[in-house]
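Undergrad: turn this into a model:
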Amino acid sequence: MRSILLAFVTVLLTFSLQAQNSIQKQSMVCLLDMTHLNNNNDSRLFACKQILIATGASFVVRKSIGDASQYGAILFSSDILNGTFNSSQRDSITNYVSNGGVVITSNVKDPDFYDLFGISDYTSTQNNYFLNWDTDSNPDLFTYFDDPLEKEIQLGRTDYPEVIYSRHYDLDGATPLAYFENDQSKPAVIRHEYGQGKLYAFGLSLRDVSLRCMLNYDYNAERTFSNGFEPGADVFPLFIRSILAKEIDNFVWKHTSPANSYNTVMVTHDVDSRTGMDTMKYFAMEELKRGIRANYNITTRYFADSAMSDFYVENHPEVQQLLSYNQIISSHSVGHFYDFHEFPLGPSGLTPFNYTPFYDGNSTNNGYVMPEVEVSKNILEANHGVSIKTFRSGHLRFPDKLANALEAQNYQFESSLSTNDLMYSFPFPLKENRSFSGRTTSVYEISMTLSDVYNANGFESYNYHEGVTDWVKATKQYEYNYSPVTLLIHPNRIWKVDAMKLYLDYLSEKNMILDMETYGNFWKKREQLRFWSEPQGDGTTVITIPDDQFPLDPFLSFGVHGTENNGKVIVKRESGQVLDFTSENVHPRNHILVYQPTFAVGNEIVKKESDEINFYPNPASPGGQITIDKAFDSGIELSMYNLSGQLVYSKPFYAGSMVRTSLPADLNPGVYVISISGSDRNYTKKVLITH
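TA: Residues are numbered from 1 along each chain as shown. Predicted coordinates for the structure are as follows:
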């Protein structure tokens with residue numbers, strides 16, 4: 001009898017888990033890997049993965065229609081060609097949609113699928129230069145499209161005889177959402193309702209509006225190179241996120257900026273001249289005062305030629321001083337060569353004694369990619385006791401073998417490409433050999449958005465206000481899409497400190513200022529995080545994070561479609577523990593941000609609570625004591641984080657005990673966040689550490 005009862009309970013538990021998994025899967029997306037179906041390389045799969053990563057959707061990759069049909073939406077990784085699917089697979093797709101499933105694909109070419117997608121034919125060309133979104137046709141799908149540069153995007157330079165392949169559809173029931181060339185006889189993106197489900201089809205390859213742009217093979221479709229707003233590739237993940245929000249109940253995604261910030265701003269400095277060495281400390285002093293960490297990209301010039309002097313040799317102390325101001329040192333190559341993009345890969349293992357490139361006024365002799373990244377890294381690490389993780393090339397040149405060399409030398413981040421030039425603003429892993437078929441490397445691109453380089457009227461002491469106006473405008477445009485912005489300002493003139501201060505003063509509390517490595521690490525942790533969500537009958541949304549995902553990044557946050565009036569949001573561990581997240585509306589967007597309060601910005605509730613306690617002394621010193629002027633009725637945990645979100649110190653206190661503790665003696669100067677948890681609510685306060 002006992003064995004029968006045990007078997008019965010096991011069956012009930014199994015059924016319960018299966019039902020629960022079914023509900024969870026309906027909130028998720030499946031990326032259908034079609035490489036084996038169309039005999040493709042993995043470039044189309046990579047492109048669709050990066051699009052879904054940018055959307056923040058919880059997704060899995062599957063190869064079979066049967067597996068994919070268990071999820072709320074399916075994104076096809078490749079085109080629907082004649083023969084891609086057999087009749088059985090086609091029937092499975094039709095049944096999936098009929099029963100409420102959502103399909104998103106590019107390039108429907110198989111006539112057997114025309115009825116399902118509501119089309120009767122298509123016409124292909126390489127002469128469509130513009131795509132115009134019909135934002136009035138279905139406003140829910142165009143939440144992010146509030147700028148003319150989003151409503152019309154360019155697919156290639158108009159003076160090129162051919163650009164990417166595209167095809168417009170002849171409609172037979174489908175609804176057009178975009179047109180090529182603003183011509184209503186050329187539907188470019190369509191939506192079709194079939195049974196209880198929905199289908200979306202693009203008249204172009206998603207690879208051509210994502211990976212092609214990341215590789216910078218995009219037919220020069222960008223409308224500006226820098227200091228502007230160019231969302232030509234960004235609009236596709238933003239549009240697909242809106243599709244998922246429309247079609248999946250209480251859709252949840254991973255936010256693209258830490259906590260409840262609207263975007264992340266990264267300040268960087270390329271130190272590639274003697275004057276830059278002389279004046280960079282004034283920038284670092286201002287950044288320390290503001291609690292900002294910036295990347296100082298150092299050119300390690302140990303020789304002189306027709307281009308530059310050996311300015312690094314006599315300036316080791318000045319570079320070392322950056323560390324005392326809590327700044328980050330990165331590599332800006334050895335030679336800062338204008339023709340770096342033409343260099344071959346070259347050998348590894350060279351040193352300053354046997355790597356002797358020389359620019360003669362026309363071209364560089366004996367210059368190679370590998371030693372430019374390796375020798376500069378080794379010099380900086382040996383001389384300054386740091387770990388070099390980020391590279392930016394001189395003149396933003398990008399040789400085909402750069403990713404290969406960076407990965408071989410254990411770099412983590414790269415920043416030589418222009419956001420505007422790529423038309424894509426989010427981080428992504430570089431491809432080996434800058435090739436569609438190249439292996440995906442471990443090096444992530446964090447592209448440059450704004451800079452003090454202006455070719456027309458220049459960026460000078462008498463007109464820098466005009467440049468700052470451009471920076472602020474572009475930052476606000478990217479902020480509306482929760483996109484990061486990277487500022488490059490050469491620290492070679494003291495008056496540029498004023499330009500930087502003016503820009504920073506224009507930023508709002510919703511712009512979080514981080515260094516590239518902190519944001520890059522946030523992005524990689526965000527990419528790896530797994531979760532699922534479940535809408536409840538009372539309007540509540542429960543977000544569940546598996547236990548193996550802990551400890552969580554304190555920057556982690558979510559977006560949830562719908563406003564707070566639709567019900568509350570609960571975030572919990574898979575084992576059941578409810579986590580400390582709070583939420584706020586985003587006006588006029590129909591979604592909320594759900595975030596951990598430790599690094600919240602511009603939040604009045606968090607501010608009010610923090611004002612109820614004080615730490616003293618503040619500023620404090622490394623190794624010194626701090627005391628909190630509040631007694632707690634319950635045990636608490638005091639945690640101290642640097643502005644990179646890294647836990648640097650923690651200590652528990654019993655109920656009723658005085659909260660007094662000695663800080664670590666090895667703390668670097670800068671701003672830290674102290675968080676107190678475990679009491680009736682959380683408290684957060686910033687403290688300044690000085691020598």
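Undergrad: the stretch 251-400 of the chain: strands as residue ranges?
TA: With DSSP state E, counting those that start in this stretch applied, the stretch 251-400 of the chain shows strands at 252-254, 263-271, 295-298, 328-331, 358-359, 364-365, 390-391, listed in chain order.
Undergrad: so where's the protein uncertain?
TA: Residues of the chain that meet the criterion pLDDT under 70 lie in 1-20, 563-566, 603-613, 658, 678-682, 691.
Undergrad: before we move on, the earlier item: CSV for the strands of the stretch 251-400 of the chain, including distance to Lys510 and mean neighbour count?
TA: (Each C-beta comes from the backbone N, C-alpha and C, glycine too.) Output for the strands of the stretch 251-400 of the chain, formatted as CSV (distance: least, Cβ to Cβ, whole Å; neighbours: other Cβ atoms under 10 Å):
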stretch, distance to Lys510, mean neighbour count
strand 252-254, 18, 23
strand 263-271, 8, 26
strand 295-298, 22, 27
strand 328-331, 24, 26
strand 358-359, 44, 18
strand 364-365, 44, 16
strand 390-391, 25, 25
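Undergrad: could I get the ones you listed in JSON lines, plus columns for distance to Phe436?
TA: Supplementary listing: the strands of the stretch 251-400 of the chain in JSON lines, determined by distance: least, Cβ to Cβ, whole Å:
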{"stretch": "strand 252-254", "distance to Phe436": "27"}
{"stretch": "strand 263-271", "distance to Phe436": "28"}
{"stretch": "strand 295-298", "distance to Phe436": "29"}
{"stretch": "strand 328-331", "distance to Phe436": "28"}
{"stretch": "strand 358-359", "distance to Phe436": "32"}
{"stretch": "strand 364-365", "distance to Phe436": "29"}
{"stretch": "strand 390-391", "distance to Phe436": "23"}
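Undergrad: out of these, nearest to Phe343?
TA: For Phe343, the closest of the strands of the stretch 251-400 of the chain is strand 364-365, at 7.4 Å, according to Cβ to Cβ.
Undergrad: for Met448, find the nearest of the strands of the stretch 251-400 of the chain.
TA: The minimum distance between Met448 and these falls on strand 263-271, with 7.5 Å, by Cβ to Cβ.
Undergrad: partner strands of the closest one, parallel or antiparallel?
TA: Strand partners for strand 263-271, identified by DSSP bridges, are recorded as strand 295-298 (parallel), strand 485-488 (parallel), strand 511-514 (parallel).
Undergrad: and those strands as JSON lines, adding distance to Asp67?
TA: JSON lines is the format used below for these (distance: least, Cβ to Cβ, whole Å):
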{"stretch": "strand 295-298", "distance to Asp67": "43"}
{"stretch": "strand 485-488", "distance to Asp67": "39"}
{"stretch": "strand 511-514", "distance to Asp67": "38"}
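Undergrad: of all those, which lies closest to Pro347?
TA: Using Cβ to Cβ as the measure, strand 295-298 is the one of the strands paired with strand 263-271 that comes nearest Pro347, at 23.1 Å.
Undergrad: ok now the closest one, how far from the chain's centre?
TA: Averaged C-alpha coordinates place strand 295-298 at 21 Å from its chain's average position (Cα atoms, centre = their mean, to the nearest Å).
Undergrad: bridged to the closest residue to Ala178 other than its chain neighbours, which residues?
TA: The spatial neighbour of Ala178 that comes closest, neighbours along the chain excluded (Cβ to Cβ, 6 or more residues apart in numbering), is Val189 at 4.0 Å. Counting by DSSP bridges, Val189 forms beta bridges with Ala178, Phe202.
Undergrad: run a quick neighbour tally on Val189.
TA: The number of residues packed near Val189 is 26, by other Cβ atoms under 10 Å.
Undergrad: pull out the buried positions in stretch 44-64.
TA: Neighbour-count burial for stretch 44-64 flags 44-59, 61-62 (criterion: 16 or more other Cβ atoms under 10 Å).
Undergrad: relative to Val103, how far out is Tyr169?
TA: The spacing between Tyr169 and Val103, counted by Cβ to Cβ, to the nearest Å, is 15 Å.
Undergrad: try Arg212
TA: Here Arg212 is placed at a distance of 23 Å from Val103 (Cβ to Cβ).
Undergrad: what do you get for Gly335?
TA: Using Cβ to Cβ, one obtains 51 Å as the distance from Gly335 to Val103.
Undergrad: which one of these two has more residues nearby?
TA: Legend: neighbour count by other Cβ under 10 Å for Gly335 and Val103, higher for Gly335 (28 against 25).
Undergrad: tell me what the helix or strand containing Ile676 is packed against?
TA: According to DSSP states H and E, Ile676 maps onto strand 670-677. With contacts defined as 3 or more Cβ pairs under 8 Å, 6 or more residues apart in numbering; DSSP states H and E, the secondary structure elements packing on strand 670-677 are strand 636-642, strand 683-689.
Undergrad: can you tell me the strand partners of the first one and which way each runs?
TA: If I follow you right, that is strand 636-642. For strand 636-642, the paired strands and their directions (DSSP bridges) are strand 647-653 (antiparallel), strand 670-677 (antiparallel).
Undergrad: of all these, which lies closest to Asp339?
TA: Across the strands paired with strand 636-642, Asp339 has its closest neighbour in strand 670-677 (38.9 Å, Cβ to Cβ).
Undergrad: follow-up on the earlier one: how about the helices and strands packed on strand 670-677 in JSON lines, adding mean neighbour count?
TA: Formatted as JSON lines, these follow (neighbours: other Cβ atoms under 10 Å):
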{"stretch": "strand 636-642", "mean neighbour count": "19"}
{"stretch": "strand 683-689", "mean neighbour count": "18"}
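Undergrad: let's have those in JSON lines, adding distance to Ser437.
TA: Compiled in JSON lines, the helices and strands packed on strand 670-677 are given as follows (distance: least, Cβ to Cβ, whole Å):
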{"stretch": "strand 636-642", "distance to Ser437": "40"}
{"stretch": "strand 683-689", "distance to Ser437": "48"}
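Undergrad: ok, which of these comes nearest Glu193?
TA: Counting by Cβ to Cβ, and looking across all of the helices and strands packed on strand 670-677, nearest comes strand 683-689 at 47.3 Å.
Undergrad: what's in contact with that closest one?
TA: By Cβ atoms under 8 Å, 6 or more residues apart in numbering, the residues outside strand 683-689 that reach it are 291, 597-598, 600, 606, 609-610, 612-615, 618-622, 626, 640, 663, 667-676.
Undergrad: one more time with 6 Å
TA: Contact with strand 683-689 is made by 598, 609-610, 613, 615, 618-620, 667, 669, 671-676, as judged by Cβ atoms under 6 Å, 6 or more residues apart in numbering.
Undergrad: can you name the two of those residues that sit furthest apart?
TA: With distance counted by Cβ to Cβ, no two of the contacts of strand 683-689 lie farther apart than Glu609 and Pro669, which are 27.0 Å apart.
Undergrad: how about Glu247, phi and psi?
TA: phi -100, psi -20 (degrees, to the nearest 10).
Undergrad: okay, Lys151 and Thr135: tell me how far apart.
TA: Counting by Cβ to Cβ - Lys151 and Thr135 are separated by 6 Å.
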